[in-house]
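Enquirer: Pasting the sequence and the predicted coordinates here, then a few questions.
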Amino acid sequence: MRRVFSLIILWGFLSAQSQWLGTVVSKDGSPVAYAVVQHSSTGKWTISDENGYFIFTGVFNTGDTITVSRYGYCIKKLILPVKPSFIVQLSVNPINLPQITELGSRIKPNSRQEFFTAIKPASLGETEYNQLLQGIPGLSLRSYGGPASIKTISLDGGPASHTKILIQGFDITNIQNGETDISQLPLPFIEQARFIPVASGSQIGASDGLILLDPWSTGHRVQLSSGSYGHNASSIATSIAGAKWASRLLIGNRNDSGKYPVTWRGNTFNRQNNHFKQYYAATQSSLILSEQLFIKFLALYSKQERGVAGLVYSPSSAWRDDYILFWGATSGLITTKSRRHFRISSRSSKDHYHDETYNINSTHSLESYTLNYDQSTDLGRSLTVDFSLKYSINHLNSRDAGFQKRNTLINSVGVAWEPLKSISIKPDWQHYSVSGQVDESVSQITAEWSPESLTYFTATISTGNSIRYPTFNELYWVPGGNIDLKAEHTTNHSLICVLAMSNWGHLNAQLFTKQSKDLIQWVPQGSYWSPKNIKSVSRTGWRLAWRWVFERIPVDGFLSLGRVRAKYLEPGDHYEKQMVYTPQRTGAAALTWSPKWWTLHWQVHHTSEMISRYSWPADITLPGVTLHQISVGYRFQVFSGQLHLVIGLENLTDKIYESVQGYPEPGRTWRLTVTYER
């Protein structure tokens, strides 16, 4: 504790923070990108993203005033409402008019925005990604047991490569395997996650949708945590800002021994060689060069040292070291009739795997560089044309997959037409060119109905197709790579309804079908695994998300449910069987009660039974599991800042479960988090 209070005293000149979430839209409900949002009395500011979304952290209270400005729109002054989430509606006007002042309003439903938002405030302490993300209906988080494991995300029974994960608009996918290992992203680095089930524009290739991760927004913070099985972590975040620029810095580390008890054939023992060490640093910067031009920058370096525990019945002494270095810069230019931004990013990573038992010593080095240009142009009040050009260069140097390179060029064009105030129609076209090996186009059309008589209702129907080219590992891995693989093609149909009820929260519902041809899946081939094309796969389902915040009592929460029937349609032994590692039902719920200085949080997540491997006479399955988490937090003023003390319990009922066959997860765990914010 002496370490905590020494840092508190060091930062004694700072001030207490609160967090506000908002969306900037035009009068027709369309998102307004790159608006400057400024707190009038303190001068603190932020910039909304491409979807008009922003997070504002500072010394704010209900009744304070913020100013929202965007070139081509009237400047608006807004009085912060009671709820920490609100909408800012701007009127189009290219000339300077007097400022407009009004009370922040409830967010109007807009199915072009996120379906579900997962938030991680300081009052809940340090939380693992499963607690943050598993509120997203239909999501599965695959882990090979404990903190040292690689962790990937999939939706609706599809492979992880079907879901794109973006940070501030930058794609962080590992081109070697087409997946994103979220264990490489430090927990304090990500503040919240947003799920968009139907991608549009330049992202329509993501057949299972987008997960948008927002990095930390706090100005000054010290966080320490300690918990079960040798867990301890620390991080420091700070910031500095001027009238037209701002920078943030985050550094930290994490250590876990991972020696939790497991049981195999009646014998109980501690998991060995499951340690995890992580060291990281990250920075963000924003610069407003003029009323029309801005620059944003983001960088992350994260290094991991992991033990590889292996199967519970076949322990391993292997170890893995890996790192990821990512940076990206965005330049945005706003004119009266257009919005343009240019992105450049770089992602490099290295993975070193060593196993003395099997004489394996392999290294994989990957470098990716991406240039992206996007432009949205208004051709009238009812017509907007979107254009995107993305060029990426990828190099892999791998002992197991060889030296490979791939250049990808993607052109996208979309036209948004509003024949009536309540109806919007948007077709999108996208063309892929991959190193001379792929030259194909995909398309999508979306129609949205938002009746004026039903202010809080929106319905969107979409249909389209997407393509995924095989990854380096799928083509060239030794042994098992298959150079004869075909590209996947998926056809999607979706209906989304959004209802924002004045006293009962925000309700989203979706019906969907997905038909995949030549789906790529790894299957056992004797002593190794190899990818093959599955001729036809059908996925049909629905998802629902309901989030509420009560005005009169300090209670908020959510309920999310999902169901998917994913079956093979290829003739053979597996015809019409549920796909492996695809639960038919998922669900989650949470309640947070915040009386004065206390925060009490409860969350539950359920995954139904799923097949892990086809067999005879019966398939091998993983049983369904329901997991509970609770936390109790207390905050109080210290040196004009806030100190949060949070104790949390995960897997409260001490369930024995696995997300991958043979890799048991930890039982009941506790964690104490101390966070000081100014």
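Expert: All right, it came through fine.

Enquirer: From now on I want contacts and neighbour counts done on CA atoms only, so please keep to that.
Expert: Will do.

Enquirer: which stretches of this protein have low pLDDT?
Expert: Low-confidence segments of the chain, defined by pLDDT under 70: 1-19, 28-30, 57-62, 81-85, 92-113, 201-205, 436, 455, 502, 551.

Enquirer: That one: helices as residue ranges?
Expert: Listed in chain order, the helices found in the chain under DSSP state H are 2-10, 129-133, 472-476.

Enquirer: Spell out the residue ranges of the strands in the stretch 51-200 of the chain.
Expert: Ranges of strands within the stretch 51-200 of the chain are 53-58, 65-69, 76-79, 85-90, 100-103, 116-119, 139-143, 151-155, 164-167, 170-171, 190-196, based on DSSP state E, counting those that start in this stretch.

Enquirer: Can you check what angle separates the fourth one from strand 65-69?
Expert: Put plainly, it is strand 85-90. With axes from the mean of the first three to the mean of the last three C-alpha atoms, to 10 degrees as the basis, strand 85-90 and strand 65-69 are set at 50 degrees to each other.

Enquirer: Next up, the contacts around the nearest residue to residue 141 once chain neighbours are set aside.
Expert: Distances taken as C-alpha to C-alpha, 6 or more residues apart in numbering put residue 153 closest to residue 141, at 4.8 Å, once the chain neighbours are dropped. Contacts of residue 153 were listed using C-alpha atoms under 8 Å, 6 or more residues apart in numbering, and they are 139, 140, 141, 142, 160, 163, 180.

Enquirer: what's the closest of the strands of the stretch 51-200 of the chain to residue 662?
Expert: Nearest of those to residue 662, taken as C-alpha to C-alpha: strand 139-143 at 10.9 Å.

Enquirer: which residue packs closest to residue 263, ignoring adjacent ones?
Expert: Distances taken as C-alpha to C-alpha, 6+ apart put residue 269 closest to residue 263, at 6.5 Å, once the chain neighbours are dropped.

Enquirer: Is it correct that that neighbour is in contact with residue 261?
Expert: Yes. Counting by C-alpha atoms under 8 Å, residue 269 does reach residue 261; the two are 5.3 Å apart.

Enquirer: Residue 418 contacts residue 382, doesn't it?
Expert: Yes. If you go by C-alpha under 8 Å, residue 418 and residue 382 touch, sitting 4.8 Å apart.

Enquirer: Among those two, which residue is more densely surrounded?
Expert: Between residue 418 and residue 382, counted using other C-alpha atoms under 10 Å, the more crowded position is residue 418 (17 against 13).

Enquirer: how near is the more buried one to residue 379?
Expert: Taking C-alpha to C-alpha, to the nearest Å as the measure, residue 418 falls 12 Å from residue 379.

Enquirer: and for these two, which residues touch both?
Expert: Here residue 418 and residue 379 have no joint contacts, going by C-alpha under 8 Å, 6+ apart.

Enquirer: count of residues packed around the spatially closest residue to residue 31 that is not a sequence neighbour?
Expert: With C-alpha to C-alpha, 6+ apart as the criterion, residue 31 has its nearest non-adjacent residue at 4.3 Å, and that residue is residue 25. Using other C-alpha under 10 Å as the criterion, residue 25 is surrounded by 23 other residues.
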